[in-house]
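Engineer: Dropping the sequence and predicted coords here.
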Amino acid sequence: MNQQKKMSNNYFETKEHSEITKDIGSKYFKELEEFAQNNPNLLTYAKKGVLKTTQYVGIIQTKSGFVLEILPKIGGKEILIKMLKTLKDSNFKLSNETNLKSQKNFPLLEIFIEMYLDEVEKVIKKGIKSNYILKTENQNFLKGKLKINEHIKKNYIHKERFFVEYDEYLPDIVENQIIKTTLKKLSKLSHNFKNQKRIREFLFVFDGIREIYNPKNSFSRIIKNRMMNYYEKVLGFSKVFLLQETLIPYKGKNEVFALLFDMNVLFENYVESLLKNSKIKNLQTKFSREYLLSENTIGLEPDYMFKLNNELIIADAKYKILEKKLKREDVFQVYSYMNYFGCDKAYIFAPKSSNEKNKTYTIEKTNKTITLFYVDIKKDKIINFEKRREDE
């Protein structure tokens, strides 16, 4: 279904698993086609002349400045921001202070940029760090250490000068260089007056600090220490903008800028946060991969494992609409988990889309059960999960 929505001349909003037609403009469509050809898992063809988004949400900005905003099919922008707050193992994790109520019609790219600027502001308020930097210069006065060989070569005629090496305490350190370079990049990406104004103000604060031209090398030079802890989050964001290091790698980084997130991973992290808030004991979410066959071709890796009343529960999060009944492949998957790990109960968590009710299924000729729990994302609640815990 075509759900593209024009937000401005070069900014379109759509949903995951939606079609994109040439109505966006032939030039923009062609640029998206190039991205799709390089990244068919992120953007694909529905049919000739029609592109289709996949399960990946976020933004794609092409070389001409066109922005495609892809939102979750359930809940839209507000739900995406909520889920990004629970994201693990990524440089792009939003603060709990992030609030979207006043920004519902704000472009997603500008929201991401604003969040980065908020982190830069925190660093500025705490104080930009300086360090001793080794400098080598030809000066009119003696300072630090005289470099004899260079001094003779450079100052054979100019006896009044000194070629010296000395340490100077300056803010021109790699961490600040990374922030300045990110600000410069965002000044080209942003079209919002408020964001542009803040970027100019912050660039003034970082005046005199050099830009970097090899971001990968610069990030490798960062040395972590307690004194620089408050830089950690802003540098993580910088890595996203400069290296495009998100959960989803893509090709064509020189021609396009993309921030994309797999909704399956976001939902899995989100459900985990709900389970932790429900005070589940012994919750496991990291498993060393087990294999069903000796050839290591079929992996067994459940999303969650925990105990209720000393009984082991295997659970999986499924970001799909499961109305009234489970899918065949989901049943087989959790049933294999139950047999392998030796438990009799499994849970499947799926997003609530209408008025679905939880249901428990008994596997024939066994005492094993699978319970389908619906997750109300808008209310941050696994429906009747607390009641089920008490019953068990």
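Structural biologist: Structure received.

Engineer: L51 is in what secondary structure piece?
Structural biologist: strand 50-53 (DSSP states H and E).

Engineer: For that strand, which helices and strands make contact with it?
Structural biologist: Taking 3 or more Cβ pairs under 8 Å, 6 or more residues apart in numbering; DSSP states H and E as contact, the helices and strands that strand 50-53 lies on are strand 19-20, helix 26-38, strand 43-47. In short, each C-beta sits where N, CA and C put it, glycine included.

Engineer: With just CA atoms, put that strand into PDB.
Structural biologist: Only the C-alpha atoms of strand 50-53 are listed here, as PDB (Å, rounded to 0.1, in the frame of the first residue of the first chain):
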ATOM      1  CA  VAL A  50       7.600   1.100  -7.500                       C
ATOM      2  CA  LEU A  51       9.900   0.800  -4.500                       C
ATOM      3  CA  LYS A  52       9.000  -0.700  -1.100                       C
ATOM      4  CA  THR A  53      10.300  -0.200   2.400                       C
END
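
Engineer: Centre of the chain to stretch 308-319, how far?
Structural biologist: Taking Cα atoms, centre = their mean, to the nearest Å, one finds stretch 308-319 lying 27 Å from the centre of the chain it belongs to.

Engineer: what comes into contact with it?
Structural biologist: 55, 263-264, 266-268, 270-272, 280, 302-307, 330, 333-334, 337-338, 341-351, 389, 392 (Cβ atoms under 8 Å, 6 or more residues apart in numbering).

Engineer: How about stretch 206-224?
Structural biologist: Against stretch 206-224 from outside (Cβ under 8 Å, 6+ apart): 128, 171-172, 174-181, 183-184, 232, 235, 239, 242-243.

Engineer: Equivalent analysis for stretch 359-367, please.
Structural biologist: Contacts for stretch 359-367 (Cβ under 8 Å, 6+ apart): K324, K325, L326, V331, Y335, D344, K368, T369, I370, T371, L372.

Engineer: 10 Å instead?
Structural biologist: For stretch 359-367, the surrounding residues in contact (Cβ atoms under 10 Å, 6 or more residues apart in numbering) are 322, 324-326, 331, 334-335, 338-339, 344-348, 368-374, 388.

Engineer: Can you measure across that stretch, start residue to end residue?
Structural biologist: End-to-end distance of stretch 359-367: 16 Å, with Cα to Cα, to the nearest Å as the criterion.

Engineer: all numbers from here: first residue = 23
Structural biologist: Understood, numbering begins at 23; the last thing we discussed is stretch 381-389.

Engineer: just checking, which of the contacts of stretch 330-341 belong to strands?
Structural biologist: Counted as lying in strands by DSSP state E, out of the contacts of stretch 330-341, are Y326, M327, F328, K329, K367, A368, Y369, I370, F371, A372, P373.

Engineer: Disregarding residues adjacent in the polypeptide, which is nearest to the fourth one?
Structural biologist: When you say that, I think you mean K329. Sequence neighbours aside, N304 is the residue nearest to K329 in space, at 5.0 Å (criterion: Cβ to Cβ, 6 or more residues apart in numbering).

Engineer: Report whether the expected contact of that neighbour with M327 is present.
Structural biologist: Yes - N304 lies in contact with M327 (Cβ atoms under 10 Å); the separation is 8.2 Å.

Engineer: Please say which of these two ends up with more neighbours.
Structural biologist: Using other Cβ atoms under 10 Å, the more surrounded residue of N304 and M327 is M327, with 18 against 11.

Engineer: thinking again about what came up before, could you tell me the angle between whatever helix or strand comes next after the strand holding L73 and helix 48-60?
Structural biologist: Beyond strand 72-75 on the C-terminal side, the first helix or strand identified by DSSP H and E is strand 78-83. Per axes from the mean of the first three to the mean of the last three Cα atoms, to 10 degrees, the angle that strand 78-83 makes with helix 48-60 is 130 degrees.

Engineer: Would you mind checking the average pLDDT for strand 78-83?
Structural biologist: Averaged across strand 78-83, pLDDT comes to 92.

Engineer: Taking strand 65-69 as reference, get the angle to the helix or strand that that strand is followed by.
Structural biologist: Next in sequence after strand 78-83, counting helices and strands by DSSP H and E, comes strand 89-93. Per the same axes, to 10 degrees, the angle that strand 89-93 makes with strand 65-69 is 80 degrees.

Engineer: Sheet partners, orientation included, of strand 89-93?
Structural biologist: Take DSSP bridges as the rule and strand 89-93 pairs in its sheet with strand 33-37 (parallel), strand 78-83 (antiparallel).

Engineer: Just the CA atoms of the following helix or strand past it, as PDB, please.
Structural biologist: Remark: after strand 89-93, the chain's next helix or strand is helix 99-106, criterion DSSP H and E. C-alpha atoms of helix 99-106 as PDB (Å, rounded to 0.1, in the frame of the first residue of the first chain):
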ATOM      1  CA  LYS A  99       7.200   8.600  15.200                       C
ATOM      2  CA  GLU A 100       6.400   8.700  18.900                       C
ATOM      3  CA  ILE A 101       6.800   4.900  19.200                       C
ATOM      4  CA  LEU A 102      10.100   4.900  17.300                       C
ATOM      5  CA  ILE A 103      11.600   7.500  19.800                       C
ATOM      6  CA  LYS A 104      10.200   5.400  22.700                       C
ATOM      7  CA  MET A 105      11.900   2.300  21.400                       C
ATOM      8  CA  LEU A 106      15.200   4.000  20.600                       C
END
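
Engineer: Which strands and helices lie in contact with helix 99-106?
Structural biologist: strand 78-83, strand 89-93, helix 130-148, strand 279-284, helix 285-299 (3 or more Cβ pairs under 10 Å, 6 or more residues apart in numbering; DSSP states H and E).
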